[in-house]
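Undergrad: Please find the sequence and the predicted model below.
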Amino acid sequence: MKLWNLLLFCPLGYSLIFGTKKLFVMDKTHLKTYVDTWIDIWKTSPTPLSDLRMNECWKSIIWCTEHRNKPQSYCLCYKRQNYFIFVMENDIQYKLKVIGLLESPENVYSSKQIEHIHEQLELLANVSNYTVDYSLLKNWSHGYYLREYQ
């Protein structure tokens, strides 16, 4: 009986997302810490993509703020915080919607990097019998690389 009373006052999550060996769910409030340092890096040593990346940083902060308390919205970390992937579960359509992808300035590129991200997202979605939906990613620069998987 005491356990039942305890469960009544504890919020239960309905999420089916637990992460994989390479994708970790991160608290959305911690993103601003990373993004602030990344913006400073792009301001001090600009590259041709600096403005685009800073814009995506601000978009990611806004998304995380708007979805901070939404239980089916997640910020996933990939490759030791080199990428943050913003996803939403749609348990009615059985889809894992990829909203955005933010890349660290210290990221070391490899030819198969986007393919590995796609494989990890597929693995995560398959655990819950979801399909990965990249259609909302078209507004982000990395949407170009992932559109072939749509």
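TA: Yep, it's here. Numbering: from 1, shown residues only.

Undergrad: Now the element after the longest helix anywhere in the chain, going C-ward?
TA: The single longest helix within the chain, with elements called by DSSP state H, is helix 50-66. Later in the chain than helix 50-66, the nearest helix or strand by DSSP states H and E is strand 73-78.

Undergrad: Please enumerate residues in contact with whatever helix or strand comes next after that following strand?
TA: Proceeding N to C from strand 73-78, the next assigned helix or strand is strand 83-90, under DSSP H and E. Applying Cβ atoms under 8 Å, 6 or more residues apart in numbering, the external contacts of strand 83-90 come out as 15-17, 23, 26, 31, 34, 60, 63-64, 67, 70, 72-78, 95-104, 107, 117, 121, 128, 130, 133. From N, CA and C alone the C-beta is placed, and that goes for glycine too.

Undergrad: Which of those residues are buried, as a PyMOL select command?
TA: This is how PyMOL selects the buried members of these, with burial counted by 16 or more other Cβ atoms under 10 Å:
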select buried, resi 16+17+23+26+31+34+60+63+64+67+72+73+74+75+76+77+78+95+96+97+98+99+100+101+102+103+104+117+121+130+133
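
Undergrad: tell me which strands and helices the longest helix of the chain is in contact with?
TA: Under the contact definition 3 or more Cβ pairs under 8 Å, 6 or more residues apart in numbering; DSSP states H and E, helix 50-66 sits against helix 31-44, strand 83-90, strand 95-103.

Undergrad: Could you tell me how far the following helix or strand past the last one lies from the centre of the chain?
TA: Yep, that's strand 95-103 we're talking about. Once the chain leaves strand 95-103, the next helix or strand it forms, by DSSP H and E, is helix 113-127. Mean C-alpha position of helix 113-127 versus that of the full chain (Cα atoms, centre = their mean, to the nearest Å) differs by 12 Å.

Undergrad: can you state the direction angle for helix 113-127 and strand 83-90?
TA: 30 degrees (axes from the mean of the first three to the mean of the last three Cα atoms, to 10 degrees).
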